[in-house]
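> Could you work out the structure for the sequence below:
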Amino acid sequence: MKPERSLFDAADPNAEAEADARADADVEAGRLISHDAVRRWLSSWGTGRPKPRPRVGE
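Below you'll find the model as predicted:
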């Protein structure tokens, strides 16, 4: 019996490598959103006063 393919199995190794290269370029260029900014944004969900989504550099 062939094991079922996982969501995390790479369907296209070339596409995965290209995505990794784009992500590495974003990190090198500082195009990031901090964990704290995302945490504050997510913590505001369901409060009736959600914060706007964080932007690059926050």
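
> buried residues in whichever strand or helix holds residue 42?
Assessed by DSSP states H and E, residue 42 sits inside helix 35-44. Neighbour-count burial for helix 35-44 flags 37, 41 (criterion: 16 or more other C-beta atoms under 10 Å). C-betas here are computed from N, CA, C, even on glycine.

> Outside of that helix itself, list whatever touches it.
With C-beta atoms under 8 Å, 6 or more residues apart in numbering as the test, helix 35-44 has contacts from 50-54, 58.

> I'd like the mean pLDDT over that helix, please.
Regarding helix 35-44, the rounded mean pLDDT is 98.

> Send me it as PDB with only the CA atoms.
Extracted C-alpha coordinates of helix 35-44, given in PDB (Å, rounded to 0.1, in the frame of the first residue of the first chain):
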ATOM      1  CA  HIS A  35       6.500  38.100  15.600                       C
ATOM      2  CA  ASP A  36       5.400  40.700  18.200                       C
ATOM      3  CA  ALA A  37       3.600  42.700  15.500                       C
ATOM      4  CA  VAL A  38       1.800  39.600  14.300                       C
ATOM      5  CA  ARG A  39       1.000  38.600  17.900                       C
ATOM      6  CA  ARG A  40      -0.500  42.000  18.700                       C
ATOM      7  CA  TRP A  41      -2.600  41.900  15.500                       C
ATOM      8  CA  LEU A  42      -3.900  38.400  16.200                       C
ATOM      9  CA  SER A  43      -4.600  39.200  19.800                       C
ATOM     10  CA  SER A  44      -6.900  42.000  18.700                       C
END
